[in-house]
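Engineer: please find the sequence and the predicted model below.
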Amino acid sequence: MRSGVFISAFAAVILFAFPSTGQSINEVVAQRQQDMKAMAAAAKTISTMFKSPDTYSPTAFRDAAEAIKRYSGTRLVADFATVTAVKGSEANELIAAERERFAQLSNDLERYAEGVADAASDSPGSMPDEMRMRVGEQVSGGPLAKRPRNESNRAAMSAEHTFHMMLETCTSCHARYRLRD
């Protein structure tokens, strides 16, 4: 049994030492941290517009959502394909053990970001009411709740509700795959 653990650990070291991208481990970690910061900044931009609808800019709103879309999905999965839990990273080893689950969260994030981007209205002035949370829509279940996988459900959500679902997806991923202090 111990030799099996040793072989697995050795194989992991080999994979981490020689990423297929040609980048060093430090470069891979730095790149994905930069991508995460870009997504956080984009989410903050969108959040500010929902908090203060008079700051709404259709272009800035759409660009922020498109940035999150660009850094999620297959790109996010690729960011963690060869290097997961290493020194200098806040990622834990569960990413490698649960590749499909991690990929599903990343793909959910991409779909929600696309929904937010698509909802951007070109109306001048304040954010249009149809983008705001509607009566009966609510953020529920917390970060580990089931997410609607039905595309028609996502299309029926307001931009604000879709944004909240996107943030819950981020929270779910971080709760499961980020090291805790």
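Structural biologist: Sure thing, it's come through.
Engineer: against K87, how distant is I25?
Structural biologist: 9 Å (CB to CB, to the nearest Å). C-beta: built from backbone N, CA, C; applies to glycine.
Engineer: between these two, which one's more packed in?
Structural biologist: Neighbour comparison, I25 and K87: the larger count goes to I25, with 17 against 7 (by other CB atoms under 10 Å).
Engineer: correct me, but the more buried one touches A91?
Structural biologist: No: if you go by CB atoms under 8 Å, I25 and A91 don't touch, sitting 11.9 Å apart.
Engineer: ramachandran angles for R178?
Structural biologist: phi -110, psi 140 (degrees, to the nearest 10).
Engineer: what sits closest to it if chain neighbours are left out?
Structural biologist: Sequence neighbours aside, E90 is the residue nearest to R178 in space, at 5.2 Å (criterion: CB to CB, 6 or more residues apart in numbering).
Engineer: count residues in the vicinity of that neighbour, would you?
Structural biologist: 15.
Engineer: one more: H174?
Structural biologist: 16.
Engineer: V116 and A159 touch, don't they?
Structural biologist: Yes: assessed by CB under 8 Å, V116 is found in contact with A159 at 5.6 Å.
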